[in-house]
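Asker: Got a predicted structure here, sequence first:
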Amino acid sequence: MALSTYITQVRRLLHDPNGQYWTDGELTDYINDGRNRICKDSRCLRQQLVNLVTLTAGVEQYLISALPLGSVTPSLSGYTVIDVMGINVLWGGTRIKLTQLGWDRFDRQFRYWNNMQSRPVCFSRMGSLSIYVGPLPDQSYQSDWDIALTPPALVNDSTAEPIPDPFTTPVKYYAAYLAKFKEQAMGEADIFKKMYVSQAKTEMASFMGRYIPNHYAS
């Protein structure tokens, strides 16, 4: 969706078609905040880093900020990683899916022996910055990472919108919420916030509702 379309949608919600109360620049900031919000809430913007991350022998910690986004085609430079959804280790002719564990369990079970090295079988996220794999890699392994992202800000109509439908729909409500919150019109702000939450849930449910695991199951 083009930035101008977003702005028009938000102005209609705010009953400000001629820009008497909010400038385009201000609404653009709110729209970009809304785009980031829906990506964080839905994990709708995902990317596979295929065979791009090397797990190094003896190294358990990998910084999320160091993931090679710029190596992906089309380039993901300017995107921000907000979550790691999965990791596959390439081992011979196979891809081994690592189990994801909570940090406390991972720390207890896979960091007990300081010098134990083997093919990693699980990973855990510690805070918002680091991914740990365990056991310690006994050699270098190539790996695939399934990551969730937030996109670069929209600047003008020439900036491509990578967020797919239907997840662009709730953005206008979140932008209107921020506009009314800034105005301290708390009643209207609350209405728009609830509309965002409702619409986001609707779109997530409609997106996932078509999934059929087995057409031949009885």
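Answerer: Nice, I can see it.
Asker: C-alpha from now on. contacts and neighbour counts both.
Answerer: OK.
Asker: which other residues reach the helix ranked longest in the chain?
Answerer: With secondary structure taken from DSSP state H, the chain has its longest helix at helix 186-208. By C-alpha atoms under 8 Å, 6 or more residues apart in numbering, the surrounding residues in contact with helix 186-208 are 38, 42, 166-167, 169-171, 173-174, 176-181.
Asker: Type out the ChimeraX command that picks the buried ones from these.
Answerer: To isolate the buried ones among the contacts of helix 186-208 in ChimeraX, judged by 16 or more other C-alpha atoms under 10 Å, type:
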select :38,167,169,170,171,173,174,176,177,178,179,180,181
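Asker: Restricted to helices, list the contacts of helix 186-208.
Answerer: 38, 42, 171, 173-174, 176-181.
Asker: thinking again about what came up before, pLDDT check: weakest of the contacts of helix 186-208?
Answerer: Within the set of those, pLDDT is lowest for residue 166 (91).
Asker: OK, contacts around that one?
Answerer: Taking C-alpha under 8 Å, 6+ apart, we find residue 166 in contact with 203, 207.
Asker: Of all the residues in the longest helix of the chain, which ones are buried?
Answerer: Neighbour counts over helix 186-208 (16+ other C-alpha under 10 Å) mark 188-189, 192-193, 195-196, 199-200, 203-204 as buried.
Asker: With stretch 139-152 instead?
Answerer: Neighbour-count burial for stretch 139-152 flags 141-145, 147-152 (criterion: 16+ other C-alpha under 10 Å).
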